[in-house]
Every structure is written in C-alpha cells, then in structure tokens.
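K.L.:
Fold the stuff below for me.
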Amino acid sequence: MPRTTRTRRIKGPRTTRTLLVLVAALALLAGCEREARRYQELPAAANRETAVRVGQLEPGAPQQNASVRSPYQDNAWGIGEGKRLYGAYNCAPCHGANGGGAIGPPLMDEKWIYGSQPDQIFATISQGRPDGMPSFGGHIPAQQIWQLVAYVQSMAGQVAPTNAAGRNDDQATGPPESRRSPLVPVQTGHR
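P.N.:
Next up, the predicted model:
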C-alpha cells in the first residue's frame with residue numbers, strides 16, 4: 001500500500017502581509033504615549049511648600065541640593081495651562097505680554113535674579129519677592145504654580161520645542177515659545 005504524505009500548506013504572501021501589518025500596528029501603539037493630565041489636585045489650603053535656598057550662604061558644611069523638575073516641564077498641556085494662568089493671574093502688566101518685561105523683570109532672557117531652576121521659580125511664585133512680586137502660595141493650588149513654572153521656563157527657552165505652548169494669533173511681538181532658542185541662565189542677583 002502506497003504511503004501518503006501529508007503536505008503542509010506554506011504561509012503565503014497574504015498571511016505574511018497580515019502579520020507585518022499587525023506588527024506595525026502594535027509598534028505604533030506602543031510608541032504612542034499620551035501625556036498624563038492630572039485633573040484632581042489638593043485644594044490651595046492644603047499646600048505645604050518647603051523652603052528653597054535662594055542664596056549660597058548656609059551654616060555648616062555645604063549640602064547637595066536634590067535637583068527638582070517641574071512635573072509639567074515635558075507636558076504640552078500643562079505648559080498651555082500655565083500660559084492661560086499667566087493671563088488669568090494678571091502677570092502680563094509686570095512681566096510683559098510675552099514675558100519681555102515691564103515694571104517687573106523679563107522672563108525670556110538669560111538673566112535671572114532669584115535663579116532659573118524649577119524649584120527657585122516655584123519659590124518666587126509661591127513666596128513672592130521684595131519690591132513687587134506678590135506671594136501666590138496658599139492662594140492658588142501648587143499644581144497651578146507648577147504649570148506657571150513650566151510656562152515661565154518655556155518663555156526662556158528651557159523646555160523642548162515640541163512641548164512649548166503655541167503662540168497667540170493676537171500677539172506677534174516675538175517668536176512663539178516653541179521657536180525660541182535655549183538660553184543659558186545666569187543668576188545675577190539684581191535687575
């Protein structure tokens with residue numbers, strides 16, 4: 001009796017194409033990361049800011065400060081919210097519509113009186129500064145202060161262009177935040 005051999009069906013081009021499309025779709029989904037939007041935060045009365053060292057003078061041996069990043073520094077939505085809050089909290093009369101300065105110091109150049117690090121900007125907004133900068137800490141949530149910090153950093157070109165807020169069509173006095181070249185901040189200690 002002759003022996004019959006089974007023939008296996010070899011995968012054809014249709015199966016290979018389907019497999020390639022499936023792998024490509026999975027790769028796209030894995031690479032697509034949506035930024036996190038934190039809608040629920042603590043109320044303004046629950047804020048507990050810690051003191052931030054502004055100067056170099058300290059007792060004892062020098063200590064290393066931990067680097068603090070703004071939670072919204074890499075978040076386009078958070079920077080956009082900071083831009084909205086910049087207008088809502090009336091920052092433009094002192095710092096200029098685009099951060100170019102008015103009676104307050106400019107926010108888009110390389111000279112920083114109280115430091116350009118995110119925690120130093122947070123301290124400036126929350127605690128205020130002598131001769132004009134009011135204290136917003138305890139009046140607005142820390143989440144909004146961090147959003148303002150991220151927007152201030154974007155005005156100075158300290159965030160990636162892909163994260164910076166777009167420009168307003170009604171204000172064309174300077175390049176939008178996403179097109180500004182990064183500047184190396186210098187702490188001057190004076191205006």
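
K.L.:
And the strands in the protein, which stretches?
P.N.:
Here the chain has its strands, by DSSP state E, at 111-112, 186-187.

K.L.:
So in the chain, which helix runs the longest?
P.N.:
As assigned by DSSP state H, the longest helix anywhere in the chain is helix 13-31.

K.L.:
So which residues of the chain form helices?
P.N.:
Using DSSP H, helices in the chain cover 13-31, 76-88, 92-95, 118-127, 142-155.

K.L.:
Just name the most buried of those helices.
P.N.:
Across the helices of the chain, averaging neighbours per residue (mean count of other Cβ atoms under 10 Å) puts helix 142-155 on top, at a mean of 26. (Glycine included, C-beta is placed from N, CA and C.)

K.L.:
if we can go back for a sec, of the helices of the chain, give the one that comes closest to Leu57.
P.N.:
helix 118-127 (15.3 Å; Cβ to Cβ).

K.L.:
counting contacts, what elements does the closest one pack onto?
P.N.:
helix 142-155 (3 or more Cβ pairs under 8 Å, 6 or more residues apart in numbering; DSSP states H and E).

K.L.:
give me the low-pLDDT residue ranges for this structure?
P.N.:
1-13, 31-56, 63-66, 165-179, 190-191 (pLDDT under 70).

K.L.:
related to what we said a few turns ago, alpha carbons only: can I get the longest helix of the chain in PDB?
P.N.:
This file holds the C-alpha atoms of helix 13-31, laid out as PDB (Å, rounded to 0.1, in the frame of the first residue of the first chain):
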ATOM      1  CA  PRO A  13       2.200  36.400   0.900                       C
ATOM      2  CA  ARG A  14      -1.300  37.200   2.300                       C
ATOM      3  CA  THR A  15      -0.500  35.700   5.700                       C
ATOM      4  CA  THR A  16       2.900  37.400   5.800                       C
ATOM      5  CA  ARG A  17       1.300  40.800   4.900                       C
ATOM      6  CA  THR A  18      -1.300  40.400   7.600                       C
ATOM      7  CA  LEU A  19       1.400  39.600  10.100                       C
ATOM      8  CA  LEU A  20       3.500  42.600   9.100                       C
ATOM      9  CA  VAL A  21       0.500  45.000   9.300                       C
ATOM     10  CA  LEU A  22      -0.300  43.600  12.800                       C
ATOM     11  CA  VAL A  23       3.400  44.100  14.000                       C
ATOM     12  CA  ALA A  24       3.500  47.600  12.600                       C
ATOM     13  CA  ALA A  25       0.200  48.500  14.300                       C
ATOM     14  CA  LEU A  26       1.400  47.200  17.600                       C
ATOM     15  CA  ALA A  27       4.700  49.100  17.200                       C
ATOM     16  CA  LEU A  28       2.700  52.300  16.600                       C
ATOM     17  CA  LEU A  29       0.500  51.800  19.600                       C
ATOM     18  CA  ALA A  30       3.500  51.000  21.800                       C
ATOM     19  CA  GLY A  31       5.300  54.200  20.700                       C
END
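
K.L.:
before we move on, back to that, Serialize the strands of the chain to JSON lines and add fields for mean neighbour count and distance to Gln143.
P.N.:
Output for these, formatted as JSON lines (neighbours: other Cβ atoms under 10 Å; distance: least, Cβ to Cβ, whole Å):
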{"stretch": "strand 111-112", "mean neighbour count": "18", "distance to Gln143": "23"}
{"stretch": "strand 186-187", "mean neighbour count": "13", "distance to Gln143": "26"}
